[in-house]
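[1] Sequence and predicted structure, then a few things I'm wondering about:
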Amino acid sequence: DVNGSGKHNNWSIATGCGVHLLEPDDINKATGSSDAFPVIMSAIIAACDEHGDLARMAIASPGNDFRLGACEAPPAIFSTYLGDDMTFYLEHFKDGKGEAPYAPNKKLLDLGTSSVLPFEVPAEDRNRTSPFPYGGSRFEFRAVGSSQNVSMVNTVLNAITAEKFAYISDRIEAGEKAADVARDLLKKHWKVIFNGDNYCEEAQKELTDRGVWRIDSGVEAIQTLTSEKNVALFEKLGVMSGDECVARAAVLHDHYTGTVEMEGLVMIDMIQQHVIPSVKKAGEGPLDDLNKAVTTLKDALAAIHAAESSYEKAQLARVLRLETMIDIRAVCDAAEEVVPAEDWTLATYKELLFLDSHCDYSADYE
């Protein structure tokens, strides 16, 4: 398989005076309290656990429905990685075992070249399979698609964190101690922390059994934007009204459907203009299956157009892209296997990936 394409969204927060809330020494010094940083982390951990569905919604796309859980992308299970040092620090705070400052270990990085001396780097942020790891003064959302606008991603991260800040503030103003509220949140939401291999099937089952948010379908993830819980969140914060949540979900579903429709139409063109003519010219290959495939694709696209709502259209589009088109691709691959190379008019993976070593160019420099 060829890897999909994505990007990492680095996210951090600071005060208007430039105090970094995710830098332990900075925020603890500014507040004069060693509890400040763990209180902030408890809010983010609680937000991840309660609103993992919104985080999945923010990265929903047809491409990510393929990519998540493989191709150097984290799975569609929204856990957070803190690393051994941060986990140890917060666990001791949670259990009241001490108030030692957070002191992450460091390791020596040797690049193996004499021009750059070995240097120390933090031992944090070592889990490449986690969707939302803490990397030292920031979190990194590692599941964003390469073509996606990160505005919804950061809107969600800011909103779910702000909601938990407000929740903690309300309890403090009601007379509770900040540290006690933080410990309560950490105990309740500790299950969302996972420092292991997120690709491991046993680990995925463990996280699912814990009740950590898992939404494999991007279409269903988008629909969670209209859930009662999430509408209440955005309305409470003044970010979006209920009608705006419904409208944005419809737009996201339409975008999902539109992307799949374009890919389906391209597949029809490729089969009709390239694969079928190549099979006919070669005199061998699954010609009948290819003709049936074109009919199947056209019928699926017609069904999408006939569906009444954006949600229903997107549901059909997902089946088309992740099931029907996968099966038809296998038919096309079977044709490529038997058609002579000189009769095959589409670029092969060998030509696409190793063009420089499989094509003869005579450069003319004047």
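    That came through fine. Numbers count the residues shown, from 1 in each chain.
[2] Going by C-alpha atoms from here, please, whenever you check contacts or count neighbours.
    OK.
[3] and the most centrally placed residue in the chain, what element?
    Note on the chain: the residue nearest the mean C-alpha position is Ala143, at 2.5 Å, using Cα atoms, centre = their mean. Here Ala143, judged by DSSP states H and E, is contained in strand 139-145.
[4] Can you give me the distance of the residue nearest to the centre of the chain to Glu342?
    40 Å (Cα to Cα, to the nearest Å).
[5] all helices for the stretch 251-366 of the chain, in order.
    Under the criterion DSSP state H, counting those that start in this stretch, the stretch 251-366 of the chain contains helices at 276-282, 287-306, 310-319, 325-338, 349-353, 355-358.
[6] so which of these gets nearest Leu265?
    With Cα to Cα as the measure, helix 287-306 is the member of the helices of the stretch 251-366 of the chain nearest Leu265 (8.1 Å).
[7] helices or strands up against that closest one?
    Counting contacts by 3 or more Cα pairs under 8 Å, 6 or more residues apart in numbering; DSSP states H and E, helix 287-306 is packed against helix 242-270, helix 276-282, helix 310-319, helix 325-338.
[8] buried stuff in it?
    By 16 or more other Cα atoms under 10 Å, the buried positions in helix 287-306 come out as Leu287, Leu290, Ala293, Val294, Thr296, Leu297, Ala300, Leu301, Ile304, His305.
[9] same deal with stretch 190-206?
    Using 16+ other Cα under 10 Å as the test for burial, stretch 190-206 gives Trp190, Lys191, Val192, Ile193, Phe194, Asn195, Asn198, Tyr199, Gln204.
[10] so who does the residue nearest to His305 when sequence neighbours are not counted touch?
    Nearest residue to His305, sequence neighbours excluded (Cα to Cα, 6 or more residues apart in numbering): Lys313, at 7.1 Å. By Cα atoms under 8 Å, 6 or more residues apart in numbering, Lys313 lies in contact with His253, Asp254, Thr257, Ile304, His305, Ala307.
[11] Could you check how far the fifth one is from Ala314?
    So that's His305. In this view, His305 and Ala314 are 10 Å apart by Cα to Cα.
[12] before we move on, what about the fourth one?
    Remark: distance between Ile304 and Ala314 (Cα to Cα) = 8 Å.
[13] hmm, back to that, can you give the contact residues for the strand holding Ala143?
    5-12, 59, 61, 63-64, 68, 73-74, 130-134, 150.
[14] who does the very next helix or strand once past that strand touch, helix- and strand-wise?
    In the C-terminal direction, the helix or strand that comes right after strand 139-145 (DSSP H and E) is helix 151-173. Counting contacts by 3+ Cα pairs under 8 Å, 6+ apart, helix 151-173 packs against helix 36-50, helix 52-58, helix 178-189, helix 228-237.
[15] Do I have it right that Asp343 meets Val275?
    No - the criterion here is Cα atoms under 8 Å, and Asp343 misses it with Val275 at 9.7 Å.
[16] When these two are compared, which one has more neighbours?
    Remark: of Asp343 and Val275, Val275 carries more neighbours, 26 against 16, as counted by other Cα atoms under 10 Å.
[17] Can you give me the buried ones in stretch 234-254?
    Using 16+ other Cα under 10 Å as the test for burial, stretch 234-254 gives 234, 240-242, 244-246, 248-250, 252-254.
[18] Check stretch 305-324 too.
    Neighbour counts using 16+ other Cα under 10 Å place 305, 310-318, 320-321, 324 of stretch 305-324 among the buried residues.
[19] which secondary structure elements does the helix or strand containing Tyr89 contact?
    Using DSSP H and E, Tyr89 sits in helix 83-94. Here helix 83-94 touches helix 178-189, going by 3+ Cα pairs under 8 Å, 6+ apart.
[20] what separates the helix it packs on from the chain centre, distance-wise?
    27 Å (Cα atoms, centre = their mean, to the nearest Å).
[21] before we move on, back to that, any chance of TSV for the helices and strands packed on helix 287-306, columns mean pLDDT and distance to Ala30?
    Shown next, in TSV, are the helices and strands packed on helix 287-306 (pLDDT from 0 to 100; distance: least, Cα to Cα, whole Å):
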stretch	mean pLDDT	distance to Ala30
helix 242-270	98	37
helix 276-282	98	70
helix 310-319	98	48
helix 325-338	96	55
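[22] would you list those helices in JSON lines and tack on distance to Asn230?
    Listed next are those as JSON lines, based on distance: least, Cα to Cα, whole Å:
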{"stretch": "helix 242-270", "distance to Asn230": "9"}
{"stretch": "helix 276-282", "distance to Asn230": "49"}
{"stretch": "helix 310-319", "distance to Asn230": "17"}
{"stretch": "helix 325-338", "distance to Asn230": "33"}
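[23] With respect to Asp209, which of the ones you listed lies nearest?
    Among these, if distance is taken as Cα to Cα, the winner is helix 310-319, at 25.8 Å.
[24] quick check: angle from that closest one to helix 325-338?
    Going by axes from the mean of the first three to the mean of the last three Cα atoms, to 10 degrees, helix 310-319 is angled at 30 degrees with respect to helix 325-338.
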